[in-house]
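Chemist: I'd like to go over a predicted model; first the sequence, then the structure.
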Amino acid sequence: MKTPRTLLISCALHLAFSSLGHADEIIFSTSAGDVALSSVANNLEYPWSLAFLPSGEMLVSERPGRLRLVRNGRMSPPIGGLPAIFAKGQSGLLDVVVARDFTHSRIIYFCYGEGADGGARLAVARARLLADESPRLDHVETIFHQIGPVTRGLAIINIGCRIVEAEDGNLFVTLGDHAANSRQALPAQSLDNHLGKIIRIRPDGTSPPDNPFLGTHDALPEIWAFGLRNPEGLAFNPATGELWEQEHGPMGGDEINIISRGNNYGWPLVSYGRNYDGSPVGDGKQKGPGLVDPIWYWAPSLAASGMMFYTGNLFPGWKGSLFNGGLKSKLLSRLVLDGHRVVSDERMLEGLNERIRDVRQGPDGAIYLLTDNKEGRILRMAPRKG
């Protein structure tokens with residue numbers, strides 16, 4: 001007697017997706033009342049980025065070089081088809097985003113470290129995600145390779161690498177300065193490399209014709225903005241359509257910037273922080289002519305990573321707030337905004353004692369977090385029931 005096909009598929013799905021243990025809820029007090037934090041997925045090694053598919057399934061990247069699909073409370077084995085990932089220091093598999101037209105294109109984009117000249121540089125790739133009983137990538141194409149000095153040795157730092165897709169389909173990507181201190185970070189002020197920049201590229205990796213430095217002598221055509229240190233947060237403000245960026249300062253001086261075409265954001269000429277050895281950044285100034293000042297900065301540093309404007313209905317009092325994860329600070333920050341002005345900074349989940357790498361709004365209106373450690377998790381934050 002032949003085994004029915006539906007039974008075979010069911011068995012395959014059971015074997016392909018491992019069951020996820022759900023820890024008891026942890027309750028925290030916030031300005032929105034008590035919230036419950038529950039575990040959606042466990043045993044992720046340094047998870048870096050979370051993206052939701054239109055179906056509600058989740059893609060999660062792990063910095064050592066794995067991409068997984070979370071479906072109906074189960075997590076897939078590593079998805080096949082990734083290019084070679086250079087995973088050392090802060091380099092590895094980093095941001096992953098789902099294309100706006102994913103429903104019919106199946107396209108995702110991801111940022112990763114690739115080996116080059118004995119060190120690491122960043123690359124951006126696109127691929128089709130086949131999310132059947134054996135999830136895998138198809139038609140993988142690297143569309144961007146970073147130009148500039150590579151980072152070597154143990155100190156592969158300040159990588160950056162967040163991606164957002166604009167309404168017109170173009171991609172904005174953050175690229176860190178790769179520098180151990182401000183004295184090594186001067187390439188962030190030069191337009192002949194991609195270090196310390198935000199680039200804007202088409203879905204095929206080419207430069208849109210209205211990029212600000214296209215045709216400028218010795219300037220790379222992909223550059224949209226420059227003078228950045230280690231940008232690990234990027235999001236469009238849904239109220240205005242503006243591109244907002246969040247970046248690590250040195251010792252103090254993490255920033256929130258509004259990114260505009262062709263602007264210079266000052267690093268390493270000015271900073272609200274200091275080098276880790278206590279010496280001043282540049283001439284010790286916080287502002288300079290022709291340099292765009294941040295709308296907000298944290299001192300001491302939050303070690304901010306992951307950035308999200310909240311628009312959901314589960315927390316109506318938080319609509320329009322800007323959420324930022326904290327690594328060193330081990331907290332979630334909610335910035336209350338009045339236009340471009342930060343009114344207050346609510347800090348929550350400090351008792352969790354977890355480094356927060358990414359923060360995303362789910363289709364259910366809940367807030368999802370990635371914890372950054374060797375046994376990382378996906379956490380869901382929602383109002384406490386009852």
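Modeler: Received it, and whenever you're ready, just let me know what you need.

Chemist: in terms of contact, does residue 94 touch residue 175 like I think?
Modeler: No. At 10.9 Å, residue 94 does not count as touching residue 175 under the criterion of CB atoms under 8 Å. Heads up, the C-betas are built off the backbone N, CA and C, glycines and all.

Chemist: Give me the more crowded residue out of these two.
Modeler: residue 175 (32 against 24; other CB atoms under 10 Å).

Chemist: From residue 122, how far out is the more buried one?
Modeler: 6 Å (CB to CB, to the nearest Å).

Chemist: so what's in contact with the two at the same time?
Modeler: Residues touching both residue 175 and residue 122 by CB atoms under 8 Å, 6 or more residues apart in numbering: 146, 160-161, 194.

Chemist: between the residues you listed, which is closest to residue 57?
Modeler: residue 161 (23.0 Å; CB to CB).

Chemist: Identify the residues contacting the one helix or strand residue 231 maps to?
Modeler: Using DSSP states H and E, residue 231 sits within strand 230-236. Here strand 230-236 makes contact (CB under 8 Å, 6+ apart) with 157-164, 166, 172, 174-177, 198, 242-248, 304-309, 322, 324.

Chemist: same thing with stretch 135-146?
Modeler: Looking at stretch 135-146 with CB under 8 Å, 6+ apart, the contacting residues turn out to be 16, 67, 69, 76, 79-83, 108, 114, 116, 121-130, 173, 175, 194-195, 199, 201, 203-205, 222.

Chemist: Drop anything exposed from those residues.
Modeler: In the contacts of stretch 135-146, burial by neighbour count holds for 16, 67, 69, 76, 79, 81-83, 108, 114, 116, 121-130, 173, 175, 194-195, 199, 201, 203, 205, 222, counting by 16 or more other CB atoms under 10 Å.

Chemist: circling back to that earlier point, which residues are in contact with each of residue 94 and residue 175?
Modeler: Taking CB under 8 Å, 6+ apart as the contact rule, residue 94 and residue 175 both touch 122, 161.

Chemist: quick one on the thing from earlier: now the strand holding residue 231: mean pLDDT?
Modeler: Computed over strand 230-236, the mean pLDDT rounds to 98.

Chemist: Pull up the pairing partners for it, direction included.
Modeler: strand 243-248 (antiparallel) (DSSP bridges).

Chemist: which residues touch the residue nearest to residue 278 when sequence neighbours are not counted?
Modeler: Nearest residue to residue 278 in three dimensions, chain neighbours excluded: residue 251, at 7.6 Å (CB to CB, 6 or more residues apart in numbering). Applying CB under 8 Å, 6+ apart to residue 251 gives the contacts 273-276, 278, 301.

Chemist: Burial check on residue 135, number of neighbours?
Modeler: 22.

Chemist: Just the pLDDT at it, thanks.
Modeler: 92.

Chemist: Now do it against residue 161, distance only.
Modeler: 23 Å.

Chemist: now swap in residue 372 and tell me
Modeler: 15 Å.
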